[in-house]
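Student: Structure here, sequence nowhere to be found:
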């Protein structure tokens, strides 16, 4: 039983292993804001989409639901940040 939980947690966390710091190139015409300002605005935008969460049941269900919610929120936040940067004209550079 304990081994099954460990495997489940590792499988759920596996997609996060591929997360790397994304590098960005400024828009072709430049930007009136510094890269730090644009990134700060996009971080604020990305974090503004959090929703309320509630779970009821035994502690195992609540723990699993909370983990799933947190994982989903992290993915959504990263997507919102990337979309914000692209909308402002920045280009994603390939990771090396």
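Tutor: Alright, I've got the coordinates. As the structure is a computational prediction, the values presented were derived from the model and not from experiment.

Student: longest helix anywhere in this protein?
Tutor: In the chain, taking DSSP state H as the definition, the longest helix is helix 59-87.

Student: for that helix, the distance to its chain's centre please.
Tutor: 6 Å (C-alpha atoms, centre = their mean, to the nearest Å).

Student: Can you pull the poorly scored residue ranges out of this protein?
Tutor: Along the chain, segments meeting pLDDT under 70 span 1-20, 96.

Student: Can you tell me which residue sits nearest the middle of it?
Tutor: In the chain, the centroid-proximal residue (C-alpha atoms, centre = their mean) is residue 78; its distance is 2.9 Å.

Student: still on that earlier bit, next structured bit after the longest helix of the chain?
Tutor: Downstream of helix 59-87, the next assigned helix or strand under DSSP states H and E is strand 91-93.

Student: Tell me which strands that following strand pairs with, and in which orientation.
Tutor: According to DSSP bridges, strand 91-93 forms sheet pairs with strand 23-25 (antiparallel).

Student: Enumerate the positions of the strand it pairs with that are buried.
Tutor: For strand 23-25, a neighbour-count test (16 or more other C-beta atoms under 10 Å) marks residue 24 as buried. C-beta: built from backbone N, CA, C; applies to glycine.

Student: Now tell me what touches whichever helix or strand comes after that strand from outside.
Tutor: Later in the chain than strand 23-25, the nearest helix or strand by DSSP H and E is helix 35-47. Outside helix 35-47, the residues within contact range by C-beta atoms under 8 Å, 6 or more residues apart in numbering are 24, 26, 31, 33, 77-78, 80-81, 84-85, 88, 90.
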